[in-house]
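*Asks:* predicted coordinates and the sequence they were generated for:
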Amino acid sequence: MAGGPGRSPAPCHQAALSMIQSLRAATVAAVAAAVAALALSGCGAPTGLSDGGAAPPVAAQPSPKPLWPDWSDGSRKRPGPAVPGAQPPPEPLAHGPAVPKEGLSAIDVDDVIRADPRAKQFGGLARSERPGQPGIRPPVLRDLTDDGSPELIISADLESGRTVLAVYTARDGKVVPILYTAGKRLAVETVGTDLVVRSASDDGAEQDVRYRWDGARLSSVSDIKTYKNDDADDAAGADGTDRAAKEAGP
């Protein structure tokens, strides 16, 4: 029989209502916590990614700069493997001109050529202002030792078809030779403070040698050969066999 007006609900009914209300509250709290976690993880963004801020700046890499553009042929530019080796430090030219405080730019190039025994072979050549004829190319000054003072770079095209390159620095008021090399169809350029010398090898390849200041002289840090039919790899042939191994033989 139903109870009359004013009577309170049965105890079991009250307990059931309290349980339902608690479950509803717990469900709402769990959903809110999940939404907050997703928002913090960045999943709320349309793309699923969060804004990581501005990207760091990218440092510009030095590009090759020809010393004698008219003598350069636009050859391929690639670094090569390191070449180990060490030599005793070079000595100043015994009868070289004194270097004033203005540096190598203030000395007479002819005095340097006459004082260097290795450069005497092109001492009698005339000045050359364009490629294709024997002569001494215009001297160039470039800082290759990263000390703020430029080095003196001299190059001469000989009648034999070879080109000689000599580089000098100043030390304690004296002229010091720090590089001497020669080759066919020489093209020279700088990459930062490195000096890159490209020449034609006797086997028909292009040889690229990269020199870097080691504290005493310009030392070779890479030496590679590029063959005309090697478009994908400088050292591998068309069948994937290492060309250096082929040349070395069994």
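*Replies:* Thanks, I have the structure now. Please read all numbers here as calculations on a predicted model, not as lab measurements. Numbers count the residues shown, from 1 in each chain.
*Asks:* sticking with the closest residue in space to R137 that isn't next to it in sequence, tell me its helix or strand.
*Replies:* Taking C-beta to C-beta, 6 or more residues apart in numbering, and ignoring the residues beside it in sequence, R137 has S155 as its nearest neighbour in space, at 4.6 Å. For the C-beta atoms, the positions are set from N, CA and C on the backbone; glycine is no exception. Secondary-structure element containing S155, defined by DSSP states H and E: strand 151-157.
*Asks:* does that strand pack against any helices or strands, and if so which?
*Replies:* helix 109-115, strand 135-136, strand 140-142, strand 162-171, strand 174-191 (3 or more C-beta pairs under 8 Å, 6 or more residues apart in numbering; DSSP states H and E).
*Asks:* for the first one, what is the average pLDDT?
*Replies:* I take that to be helix 109-115. Averaging the model's pLDDT scores along helix 109-115 yields 93.
*Asks:* show me what counts as buried in that helix.
*Replies:* Across helix 109-115, burial judged by 16 or more other C-beta atoms under 10 Å covers V109, V112, I113, R114, A115.
*Asks:* what's the answer for the longest one, then?
*Replies:* Using 16+ other C-beta under 10 Å as the test for burial, strand 174-191 gives 174-183, 185-191.
*Asks:* stretch 153-167 too?
*Replies:* I153, I154, S155, A156, D157, T163, V164, L165, A166, V167.
*Asks:* V140: which of the residues you listed is nearest?
*Replies:* Sorting those by how near they are to V140, with C-beta to C-beta, puts I153 at the top with 4.5 Å.
*Asks:* who touches that closest one in this structure?
*Replies:* Taking C-beta atoms under 8 Å, 6 or more residues apart in numbering as the contact definition, I153 lies against L67, P139, V140, L141, R142, L165, A166, V167, Y168, V188, L195.
*Asks:* now the helices for this structure?
*Replies:* Counting by DSSP state H, one finds helices in the chain at the ranges 11-40, 109-115, 243-248.
*Asks:* which stretch in those has the least confidence?
*Replies:* Of all those, helix 243-248 carries the lowest average pLDDT, namely a mean of 42.
*Asks:* before we move on, the earlier item: okay, the strand holding S155 in CSV with CA atoms only?
*Replies:* Taking Å, rounded to 0.1, in the frame of the first residue of the first chain, the C-alpha atoms of strand 151-157 are listed here in CSV:
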residue,chain,number,x,y,z
GLU,A,151,99.0,36.1,-48.8
LEU,A,152,100.6,36.7,-52.1
ILE,A,153,99.6,34.2,-54.9
ILE,A,154,101.6,34.1,-58.1
SER,A,155,100.9,31.9,-61.1
ALA,A,156,102.6,31.6,-64.5
ASP,A,157,101.6,29.8,-67.7
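*Asks:* tell me the mean pLDDT over that strand?
*Replies:* Mean predicted lDDT for strand 151-157 stands at 96.
*Asks:* tilt between it and strand 174-191?
*Replies:* 70 degrees (axes from the mean of the first three to the mean of the last three C-alpha atoms, to 10 degrees).
*Asks:* what angle separates strand 151-157 from strand 162-171?
*Replies:* When the same axes, to 10 degrees is applied, the directions of strand 151-157 and strand 162-171 differ by 160 degrees.
*Asks:* what lines up beside strand 151-157 in the sheet?
*Replies:* strand 135-136 (antiparallel), strand 140-142 (antiparallel), strand 162-171 (antiparallel) (DSSP bridges).
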